[in-house]
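Visitor: predicted model and sequence below, questions to follow.
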Amino acid sequence: MEDLRPFLIVAGKLLMAGACGAAAGWERELKEKGAGLRTHILICVGACLFALIAVRMHEQYPSGDILRLIQGMLLGVGFIAGGVIFTQRGSVRGLTTAAGLWVLTGVGMAVGLGYYFLAIFGTVLTTAVVAWMKRVEGVIHRPPGPDQTPGEPPEPQG
């Protein structure tokens, strides 16, 4: 019987990529965005799969150029991400979702290439930005009060 360790490692990497995609996609799903949980998981798992293929190809064909595979993957994800961007009444919608999908391509590649800390930290940072930066933007873009000039920070209370 063959050693199952290599297969378990590959399965673990794909599962980890799926978990990272789910963590980042959860917030998008809660907000009922077009690219939600399933899309984020699939993007991240797909990127991991392509990274694993690139590593395997490089092992078998050391003179091959794995960067072309990675470049092609990013181009494909750019095409998918472009499908979630649209304009509505003069404003652009979907840019955050598209950017999240693009970042998750890097997360999936990091898992596939064995850079687990990068994958986990990238997932945490991406999730934090998508979930919490909207509040920060709300504070930045809050209309000025009656005694405040636009662009000036509000005076401290208290």
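Guide: Thanks, I have the structure now. Numbers count the residues shown, from 1 in each chain.
Visitor: show me the strands in this protein, by range?
Guide: 86-88, 91-93 (DSSP state E).
Visitor: let me have the ones you listed in JSON lines, adding distance to L42 and mean neighbour count as columns.
Guide: In short, each C-beta sits where N, CA and C put it, glycine included. Below are the strands of the chain laid out as JSON lines (distance: least, Cβ to Cβ, whole Å; neighbours: other Cβ atoms under 10 Å):
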{"stretch": "strand 86-88", "distance to L42": "21", "mean neighbour count": "10"}
{"stretch": "strand 91-93", "distance to L42": "21", "mean neighbour count": "10"}
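Visitor: export the ones you listed to a markdown table and tack on distance to I120 and mean pLDDT?
Guide: Shown next, in a markdown table, are those (distance: least, Cβ to Cβ, whole Å; pLDDT from 0 to 100):
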| stretch | distance to I120 | mean pLDDT |
| --- | --- | --- |
| strand 86-88 | 32 | 79 |
| strand 91-93 | 30 | 78 |
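Visitor: got the ones you listed as TSV, with distance to A23 columns?
Guide: TSV is the format used below for the strands of the chain (distance: least, Cβ to Cβ, whole Å):
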stretch	distance to A23
strand 86-88	26
strand 91-93	23
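Visitor: for C20, find the nearest of those.
Guide: Shortest distance between C20 and the strands of the chain, using Cβ to Cβ, is found for strand 91-93: 24.9 Å.
Visitor: so what does the closest one touch, helix or strand wise?
Guide: strand 86-88 (3 or more Cβ pairs under 8 Å, 6 or more residues apart in numbering; DSSP states H and E).
Visitor: what packs against the strand it packs on?
Guide: With contacts taken as 3+ Cβ pairs under 8 Å, 6+ apart, strand 86-88 sits against strand 91-93.
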